[in-house]
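J.: next one to model:
(one chain, ligands or ions: 1)
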Amino acid sequence: MLKTHNCGTLRSTDVGQDVVLAGWVNRWRDHGGLAFVDLRDRSGIVQVVANPDVATEAHETLQHARGEYVLQVKGRVRARPEGLTNPDLPTGEIEIVAHEATVLNPAKTPPFYIYDDQPVDEALRLKYRYLDLRRQRMQRNMMIRHRAVKYIRDFLDARDFVEIETPMLFKTTPEGARDYLVPSRVHPGEFYALPQSPQQLKQLLMVAGFERYFQIARCFRDEDQRGDRQPEFTQLDLEMSFVEREDVMVLAEELLIGVIEACSERRLLTKPFPRFTHEEAMQRFGSDRPDIRFGMELTDVSDLVADSEFGIFSRTVAGGGQVRGICAPGCGDYSRRQIDELTELAQAEGAKGMAWLAPKEGGDVRSSFAKYLLDEEIDSIVARLKAKPGDLLLFVADQAPVVNAALNGLRLELGERLGLRDPDVLACCWVIDFPLFEWDEEAQRWDPSHHLFTAPMPEDLPLLETDPGAARGQQYDFVCNGVETGGGSIRIHQRAVQERVFELIGLDAAVARERFGHMLEAFEYGTPPHGGIAPGIDRLVMFLAGEPNIREVIAFPKTQQAADLMAGAPSPVEPEQLKELHIKIVG
Ligand code: ASP
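T.: Predicted structure coming up:
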């Protein structure tokens, strides 16, 4: 090794030790005729000092070293003189007196400071990702990621799970997104698909008798890069045989709590994780991925306003719709402009409008609709929402899906504004009992709400024939801080049920056989009942590290436009390569 010690781990107990260190120049300065360099390696930083009278050449080298030069330093650890210790630095009580210093490699001035975590334009960070990754924040994130994955592997290994790799070059695996396709040179005009997840393969591993499988699996989905998504991302993919829903959830919850407690400084809000049925989540939060770090739950007032003189309310209720509201504490003094902004937000989520009411001290109110209501009606609304003078009540009247979307949007926005979405808290929960299908109005068919291998609840099986929309699936979603962070289900393991689901989602028998014949056939060779789950590693690590997006916990992420700014991918290829692949670029 070119070094005997790590910079960041030296302490006053090492005083007197001769050491050889190697690392990068974090900062440098001349002071009182001495040359100082803060030398950095992965373990941290240590101060190196050279005296021109004692070590002329080492002094010369340190004096000319600049930020990010790679140095080797031979020297001795000594206690820093009285009054010059640095309590902010773990190595702050000592320094290295250099006898020899060698420049292993000089460096150009980096495009941004490495030694502090000042905000830098993200495009620049991504272009020089190898420099960005040198920064403390990113080093820390990568270590958290490493530790989390190590924890997961050890946990599952101790419970008899087998790690098995599955192919990247495969056939289309429907998880609801567009596939990345890879052209075949050997089979002109034919394509592999990169897996959207190893879903089919892990089920086939259950058919193959492995009983407990996992993989830290790369998944590929060619989605429009709305929000916090990456074209390739990593899941902890796992599958178990001879289990029911409860078994998978209990195991996953133990693992998730363990990894959070072992790898994060953030506080877990509650354990065990609360569970909500899909219906309850929609009722209380208007969302199937509720952020339960704060209350401000949706409250139904339909019965209180059904007979009121306010036509928008009474007509909506008469038409099978509903009127629900939320109470924003202390927002009663919002100006008309601020309220208009909230109305626009509700409209962006599909609502036609938003009604509001602010109770004042002494029983008076400020409101968009109170003049149409009787005093008793207003009082009962205020009481139902448990509002106090100074609060602001917001209402949406419409069909349930619109009310849910609009109030969910308002709730999250107000939660953000009021500082109720504490980034240092991890609020995890489960959502279960999802409808098995969602009706696709445009295509006039049922779509699986999870994926097409999810089994219906046993008692809902007959509904596949009579009322598919009412059938619930054996699906479970793991939600953290309002973000869906993993989903799984008990799977269909009988050919007839799988074929019925294909039929309901409009997959013609011949197409189903062509695309999923291998699954259907496998189901006829003694498939055990099985189920699994796949928590997203990137999202999980983002929460563990307290980062605002998954790009901060991925070493080499892509931009929102799915581009790698460092290497410049995607990029054109040689005409020769295209020819070999039987591909012609048109347009
Ligand atoms: N393959 C599923 C997904 O990626 C997870 C699962 O059902 O295990 O969402």
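J.: list the buried residues in the helix or strand hosting residue 218.
T.: If you go by DSSP states H and E, residue 218 is part of strand 212-220. Neighbour counts over strand 212-220 (16 or more other CB atoms under 10 Å) mark 212-215, 217-220 as buried. Every residue, glycine included, has its C-beta placed from N, CA and C.
J.: who are the packing partners of that strand?
T.: Packed against strand 212-220 by the contact rule (3 or more CB pairs under 8 Å, 6 or more residues apart in numbering; DSSP states H and E) you find helix 136-157, strand 162-163, helix 199-207, strand 232-241.
J.: buried residues of the longest one, list them for me.
T.: Right, the one you point to is helix 136-157. Residues 138, 141-142, 144-145, 147-149, 151-152, 155-156 are the ones in helix 136-157 that count as buried (16+ other CB under 10 Å).
J.: show me where the stretch 251-400 of the chain has strands.
T.: 267-268, 275-277, 299-300, 322-328, 355-359, 365-367, 392-398 (DSSP state E, counting those that start in this stretch).
J.: so which of those is the most surrounded?
T.: Compared across the strands of the stretch 251-400 of the chain, strand 392-398 shows the largest average neighbour count, a mean of 27 (mean count of other CB atoms under 10 Å).
J.: give me the angle between the very next helix or strand once past that one and strand 322-328.
T.: Once the chain leaves strand 392-398, the next helix or strand it forms, by DSSP H and E, is helix 400-417. Helix 400-417 and strand 322-328 are oriented at 0 degrees to each other (axes from the mean of the first three to the mean of the last three CA atoms, to 10 degrees).
J.: beta partners of the residue of the stretch 401-550 of the chain found nearest the ligand?
T.: Nearest to the ligand in the stretch 401-550 of the chain, going by CB to the nearest ligand atom, is residue 534, at a distance of 3.6 Å. For residue 534, the beta-bridge partners under DSSP bridges are residue 487.
J.: flag every residue of the chain that's near the ligand.
T.: 175, 197, 199, 487-489, 532-534 (CB under 6 Å from any ligand atom).
J.: if you set the cut-off to 8 Å instead, what comes out?
T.: For the chain, the residues in contact with the ligand (CB under 8 Å from any ligand atom) are 175, 196-199, 202, 219, 235, 237-239, 450-451, 453-454, 475, 486-489, 491, 531-534.
J.: ok, whichever residue of the stretch 251-400 of the chain sits closest to the ligand - contacts?
T.: In the stretch 251-400 of the chain, the residue that lies nearest the ligand is residue 252 (10.1 Å; CB to the nearest ligand atom). With contact taken as CB atoms under 8 Å, 6 or more residues apart in numbering, residue 252 is in contact with 238, 478, 486, 488, 533, 535.
J.: how about a markdown table for these, with neighbour count added?
T.: Output for the contacts of residue 252, formatted as a markdown table (neighbours: other CB atoms under 10 Å):
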| residue | neighbour count |
| --- | --- |
| 238 | 25 |
| 478 | 26 |
| 486 | 21 |
| 488 | 25 |
| 533 | 24 |
| 535 | 21 |
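J.: shaky segments in this structure?
T.: 173-175 (pLDDT under 70).
J.: mind doing that once more with 80?
T.: Where the chain drops to pLDDT under 80, the residues are 172-176, 225-227, 587.
J.: and the longest strand for the chain?
T.: Across the chain, the longest stretch assigned as strand under DSSP state E is strand 18-31.
J.: for that one, buried residues please.
T.: Using 16+ other CB under 10 Å as the test for burial, strand 18-31 gives 19, 21-28.
J.: repeat that for stretch 187-205.
T.: Buried residues in stretch 187-205 (16+ other CB under 10 Å): 192-205.
J.: which residues does residue 74 bridge with?
T.: Here residue 74, judged by DSSP bridges, has bridge partners residue 20, residue 100.
J.: need the contact list for it.
T.: So residue 74 contacts 18-20, 98-101 (CB under 8 Å, 6+ apart).
J.: mind checking how far the residue lying closest to residue 184 once chain neighbours are set aside is from residue 200?
T.: Leaving aside its sequence neighbours, residue 184 sits nearest to residue 190 (CB to CB, 6 or more residues apart in numbering; 4.7 Å). The spacing between residue 190 and residue 200, counted by CB to CB, to the nearest Å, is 19 Å.
J.: got the strands of the stretch 251-400 of the chain as a markdown table, with distance to residue 559 columns?
T.: Below are the strands of the stretch 251-400 of the chain laid out as a markdown table (distance: least, CB to CB, whole Å):
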| stretch | distance to residue 559 |
| --- | --- |
| strand 267-268 | 32 |
| strand 275-277 | 35 |
| strand 299-300 | 41 |
| strand 322-328 | 35 |
| strand 355-359 | 39 |
| strand 365-367 | 46 |
| strand 392-398 | 36 |
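J.: relative to residue 499, which of those strands is closest?
T.: Residue 499 sits nearest to strand 275-277 of all those, at 28.3 Å, using CB to CB.
J.: chain center to that closest one: distance?
T.: Centre-to-centre, strand 275-277 and its host chain are 20 Å apart (CA atoms, centre = their mean, to the nearest Å).
J.: and which of the contacts of residue 252 is nearest to residue 12?
T.: Distances from residue 12 to the contacts of residue 252, taken by CB to CB, are shortest for residue 535, at 43.1 Å.
J.: by proximity to the ligand, which residue of the stretch 151-300 of the chain wins?
T.: Closest point on the stretch 151-300 of the chain to the ligand, by CB to the nearest ligand atom, is residue 197, at 3.5 Å.
J.: that residue is in contact with residue 218, isn't it?
T.: No. Applying CB atoms under 8 Å, one finds residue 197 not in contact with residue 218, separated by 9.7 Å.
J.: quick one, what contacts residue 259?
T.: Residues near residue 259 by CB under 8 Å, 6+ apart: 148, 151-152, 155, 540, 544.
J.: what's the most distant pair in those?
T.: Put simply, by CB to CB the two of the contacts of residue 259 set farthest apart are 155 and 544, 14.6 Å from each other.
J.: in this structure residue 448 contacts residue 437, no?
T.: Yes. If you go by CB under 8 Å, residue 448 and residue 437 touch, sitting 6.2 Å apart.
J.: looking at the two, which is more packed in?
T.: Set side by side, residue 448 and residue 437 show more neighbours around residue 437, with 25 against 22, by other CB atoms under 10 Å.
J.: just say helix, strand or coil for the closest residue to the more buried one other than its chain neighbours.
T.: Spatially, and ignoring its direct neighbours in sequence, residue 437 is nearest to residue 446 (3.9 Å; CB to CB, 6+ apart). The three-state assignment at residue 446 reads strand, by DSSP: H, G, I helix; E, B strand; the rest coil.
J.: mind listing the residues bridging to residue 446?
T.: Beta-bridge partners of residue 446, as defined by DSSP bridges: residue 439.
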